[in-house]
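[1] Prediction below, plus the sequence it came from.
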There are 2 protein chains.
Amino acid sequence: MTVTVDHITSASNPLIKQLRSLERKKGRNETGLFLAEGARLIEQALAQNWQVETLIVSNSGAERDFVQALARRAKAQGARIIQVPDRLAGSIARKDNPQAVIAAIRQRDLSLSDLDSADPGLWIGLYECRDPGNLGTILRTADCAGAAGVILIENCCDPYSVEAVRASMGSLFDIALAGSDFDSFNTWRRSAGLNMVAASVNGDSSHVGVEFEQPSLILMGNEQAGLPAQIEAQCDTLCLIPMRGGADSLNLAQATAIMLYEGWRQRGFA
Amino acid sequence: MTVTVDHITSASNPLIKQLRSLERKKGRNETGLFLAEGARLIEQALAQNWQVETLIVSNSGAERDFVQALARRAKAQGARIIQVPDRLAGSIARKDNPQAVIAAIRQRDLSLSDLDSADPGLWIGLYECRDPGNLGTILRTADCAGAAGVILIENCCDPYSVEAVRASMGSLFDIALAGSDFDSFNTWRRSAGLNMVAASVNGDSSHVGVEFEQPSLILMGNEQAGLPAQIEAQCDTLCLIPMRGGADSLNLAQATAIMLYEGWRQRGFA
């Protein structure tokens, strides 16, 4: 390596133990950190000025050009670089063939007050989204569609879990994200003048009839239970994504993509 | 149980070994069987007359009413019912808390000749789709949107894998599905008069400009590589799903849902 690195070889090293703890919510809560694997993801984090605290480089990755370039960049942005045997990198990433680089990154505060409510893009609210794969996929799609931001309402899964970070393909670092209880969220979106549209089995007309050109927020319910009646009662519009007779339901991320791209289509993809 | 069951308690029983082998492609190929977990999925298989060869009931599930009803129905349709300790059920399903029922179901032939090319719905072709979660999710969405069927082209992942079956939420049992090499597929779709539309970074106009009211097939490429140039050259239309500047790409299942629902929207959801 051409940058200064610390070599760690023991699994009982306190830093290794801390990094290993980040796979769990408890470890992430206690440290305020989370893991991102692979050069592509870590480059996106650095490009968006997320604080990479530690960059872990595996022995077998250390001499590769792209790893050295990434290490130099991370170091310049304040990261500590450590080099570890492949088996230790695998024990942090919890897999046999880990990527050449893994980063421990500082979480960002997820307050509503950090959002730019004047952003003209479509907003997405996720009420009790529980599947981190769905959440990560929705962040990726929201990023692709230029959504204004995503708000995690009430008890959602952790956007900083390994699975959510991986499924987001780096969009976690790019899209505005906040967490909130429902009442605070509802106050916020009212003062922002956002028309709240929910996809619901109780909607009586198709999502393509919704007027998405006005400032809008798309509210999506829980994977199993959808939205509770008292939450639906707070919405301005309930719409239905058409499904043929026999079929049951769409996956949450799929339904969100269909709503978001219909809204963006009505806006001429502007 | 009110139906005749065989009790098996040994992990070395040949039937248990065979059922355990179905988690892998090799075991599925050798037996022609695959696994589906949970009453909801198995009910859908029976409703669509898939051949359930063996229904595995866990001891703790055996006395529940819904399990007994399912066992009677499976028995009437020719299944052998076996009851096993929870730990054996878990060893078949490869998890600690398995569902109360697991079925070994006979695979169906996946030939193009079994498809009804006159079906007026939209068709989906997946070229080298490699992620079973994506494949299952696409089957579910295709079912919801009343697609005519899904064709797996060249080297795709196995639709009978546990992960694909699970993600399909039972739509695997409902939607027409075939596998094919590209040339045979292309001959088939030409003779069926299907306009082949691919979503591609090489498309020069948006997917909403495609005329989906004509008989159409949506072709989607591999998760990493998209479609090879020689495959794109065979398409009638290349279109682009709009994305904003910074974002990279959509997940394959998300892109497929966006294409399919745009096509169905143009057809008035008929």
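    Everything's here; your move.
[2] from here on, contacts and neighbour counts on C-alpha atoms
    Fine.
[3] Surely A:A45 touches A:I175?
    No. In this structure A:A45 lies outside contact range of A:I175 using C-alpha atoms under 8 Å: 11.5 Å.
[4] and A:E37, bridged to which residues?
    Beta-bridge partners recorded for A:E37 (DSSP bridges): A:I102.
[5] got the contact list for A:L139?
    A:L139 is in contact with A:V150, A:S168, A:S171, A:L172, A:I175, counting by C-alpha atoms under 8 Å, 6 or more residues apart in numbering or on different chains.
[6] how about 6 Å then?
    A:L139 is in contact with A:S168, A:S171, counting by C-alpha atoms under 6 Å, 6 or more residues apart in numbering or on different chains.
[7] name the element it belongs to?
    helix A:132-144 (DSSP states H and E).
[8] mind giving me the domain ranges of chain A?
    The record's domain parsing of chain A by automatic domain parsing lists A:6-106, A:112-266.
[9] Name the residue in A:A45 and A:I175 with the higher neighbour count.
    A:A45 (22 against 19; other C-alpha atoms under 10 Å in any protein chain shown).
[10] which residue packs closest to the more buried one, ignoring adjacent ones?
    Leaving aside its sequence neighbours, A:A45 sits nearest to A:F173 (C-alpha to C-alpha, 6 or more residues apart in numbering or on different chains; 5.5 Å).
[11] and the one you found, what are its phi and psi?
    The phi/psi pair for A:F173 (degrees, to the nearest 10) reads phi -80, psi -10.
[12] what about it, distance to chain B?
    11 Å (C-alpha to the nearest C-alpha, to the nearest Å).
[13] what's the answer for A:R189, then?
    For A:R189 relative to chain B (C-alpha to the nearest C-alpha), the value is 24 Å.
[14] So which bits of the helix or strand containing that residue are buried?
    Taking DSSP H and E as the criterion, A:R189 maps to helix A:182-191. Buried residues in helix A:182-191, counted by 16 or more other C-alpha atoms under 10 Å in any protein chain shown: A:F182, A:F185, A:N186, A:W188, A:R189.
[15] Outside of whatever helix or strand comes next after the helix holding A:L139 itself, list whatever touches it.
    Note on helix A:132-144: by DSSP H and E, the next helix or strand toward the C-terminus is strand A:149-153. Contact partners of strand A:149-153, identified using C-alpha under 6 Å, 6+ apart, comprise A:123-127, A:175-182.
[16] Restricted to buried residues, select the residues you listed in ChimeraX.
    Selection of buried members from those for ChimeraX, criterion 16+ other C-alpha under 10 Å:
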select /A:123,124,125,126,127,175,176,177,178,179,180,182
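[17] for the contacts of strand A:149-153, which one is nearest chain B?
    Distance to chain B across the contacts of strand A:149-153 (C-alpha to the nearest C-alpha) is lowest for A:I175, with 9.8 Å.
[18] what residues are up against the closest one?
    A:D143, A:G149.
[19] and it, that's in a strand?
    No. Per DSSP: H, G, I helix; E, B strand; the rest coil, A:I175 lies outside any strand segment and is coil.
[20] Number of residues surrounding the nearest residue to A:A39 once chain neighbours are set aside?
    Distances taken as C-alpha to C-alpha, 6+ apart place A:V101 nearest to A:A39, at 6.2 Å, with adjacent residues excluded. Using other C-alpha under 10 Å, A:V101 is surrounded by 26 other residues.
[21] got it, and A:A76?
    11.
[22] which stretches of the stretch 51-200 of chain A form helices?
    Assigned by DSSP state H, counting those that start in this stretch, the helices in the stretch 51-200 of chain A fall at A:65-76, A:86-93, A:132-144, A:162-168, A:182-191.
[23] Distance of the residue in the stretch 1-150 of chain A that chain B sits nearest to relative to A:A257?
    Nearest residue of the stretch 1-150 of chain A to chain B (C-alpha to the nearest C-alpha) works out as A:C144 at 4.9 Å. Separation of A:C144 from A:A257 (C-alpha to C-alpha, to the nearest Å): 10 Å.
[24] Residues that sit against both of those two, list them.
    Common contact partners of A:C144 and A:A257 (C-alpha under 6 Å, 6+ apart): none.
[25] thinking again about what came up before, which of the domains of chain A is buried the deepest?
    Counting by mean count of other C-alpha atoms under 10 Å in any protein chain shown, domain A:112-266 has the highest mean neighbour count of those, with a mean of 20.
[26] where in the stretch 101-250 of chain A is pLDDT low?
    Within the stretch 101-250 of chain A, the set of residues satisfying pLDDT under 70 comprises A:246.
[27] Residue numbers of it in contact with chain B?
    A:T141, A:D143, A:C144, A:A145, A:G146, A:M243, A:R244, A:A247, A:L250 (C-alpha under 6 Å from any C-alpha of the partner chain).
[28] one more time with 10 Å, if that's ok
    A:137-138, A:140-147, A:167-171, A:174-175, A:206, A:208, A:241-250 (C-alpha under 10 Å from any C-alpha of the partner chain).
[29] and A:D236, backbone torsions?
    Residue torsions, per degrees, to the nearest 10, at A:D236 are phi -80, psi -30.
[30] how about it, what does it touch?
    A:D236 is in contact with A:L194, A:N195, A:M196, A:V197, A:A198, A:L217, counting by C-alpha atoms under 10 Å, 6 or more residues apart in numbering or on different chains.
[31] Isn't the first one up against A:L219?
    Pointing back at A:L194 there. No. With contact defined as C-alpha atoms under 10 Å, A:L194 does not reach A:L219; the gap is 11.2 Å.
[32] And the pLDDT for A:E262?
    pLDDT, A:E262: 98.
[33] which helices and strands sit right next to the strand or helix carrying it?
    In this assignment (DSSP H and E), A:E262 forms part of helix A:252-266. Applying 3 or more C-alpha pairs under 10 Å, 6 or more residues apart in numbering or on different chains; DSSP states H and E, one finds that helix A:252-266 contacts strand A:123-127, helix A:132-144, strand A:195-199, strand A:216-220, helix B:132-144, helix B:252-266.
[34] between those, which one is nearest to A:V5?
    helix A:132-144 (31.8 Å; C-alpha to C-alpha).
[35] could I get the closest one in CSV with only the CA atoms?
    Output of helix A:132-144 as CSV, limited to C-alpha atoms (Å, rounded to 0.1, in the frame of the first residue of the first chain):
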residue,chain,number,x,y,z
PRO,A,132,-34.5,-4.2,4.4
GLY,A,133,-34.2,-5.6,0.8
ASN,A,134,-37.4,-3.7,-0.1
LEU,A,135,-36.2,-0.6,1.6
GLY,A,136,-32.8,-0.6,-0.2
THR,A,137,-34.5,-1.3,-3.5
ILE,A,138,-37.0,1.6,-3.0
LEU,A,139,-34.1,4.0,-2.2
ARG,A,140,-32.4,2.9,-5.4
THR,A,141,-35.6,3.5,-7.4
ALA,A,142,-36.4,6.8,-5.7
ASP,A,143,-32.9,7.9,-6.6
CYS,A,144,-33.3,6.9,-10.2
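[36] Much appreciated, bye for now.
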